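1. No letters, just coordinates:
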């Protein structure tokens with residue numbers, strides 16, 4: 001019998017500085033958001049195995065997105081962010097990071113230090129309380 005993969009694909013329109021960007025994302029699973037951004041020259045299919053892995057989907061909501069204008073630089077400029085439902089202490093405090101097109105960066109740290117939150121700012125799942133997230137200077 002044929003099996004259907006558990007992946008759902010959707011588009012979201014994200015307004016940014018007077019322009020709306022159409023972003024495609026796929027998701028599967030439940031639980032902690034695991035945001036996956038493809039490398040230059042590919043798309044969200046790069047994460048197909050993670051999206052379809054029952055062991056991962058049991059604990060994580062895997063979200064693979066196709067960032068518009070991908071292949072450009074990404075900059076987090078003085079970014080501060082605190083979850084409104086959590087403690088008043090920011091999870092991100094004055095973060096400055098620039099990733100140039102083609103550059104590979106690993107975000108490493110203990111649970112709860114803000115790695116997933118930082119990546120969640122790219123597709124604007126959250127907006128920073130202070131600072132800017134820029135793609136190719138915009």
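-> Arrived safely, thanks for sending. Everything numeric in this text was worked out from a predicted model, so none of it was measured.
2. what's the longest strand along the chain packed up against?
-> Longest strand in the chain by number of residues, with DSSP state E as the criterion: strand 19-29. Strand 19-29 sits against strand 8-16, helix 48-52, helix 54-57, strand 60-66, with contacts defined as 3 or more Cβ pairs under 8 Å, 6 or more residues apart in numbering; DSSP states H and E. Using the backbone N, CA and C atoms, a C-beta is placed for each residue, glycine as well.
3. Which strands border it, and is each parallel or antiparallel?
-> Using DSSP bridges, strand 19-29 pairs in its sheet with strand 8-16 (antiparallel), strand 60-66 (antiparallel).
4. neighbouring strands for the helix or strand just after that strand, and are they parallel or not?
-> Heading C-terminal from strand 19-29, the first helix or strand you meet, by DSSP states H and E, is strand 32-37. Each strand that pairs with strand 32-37, with its direction, by DSSP bridges: strand 60-66 (parallel).
5. Tell me the buried residues in the strand it pairs with?
-> 60, 62, 63, 64, 65, 66 (16 or more other Cβ atoms under 10 Å).
6. Same check on stretch 121-134?
-> Neighbour-count burial for stretch 121-134 flags 121, 122, 123, 125, 126, 128, 131, 133, 134 (criterion: 16+ other Cβ under 10 Å).
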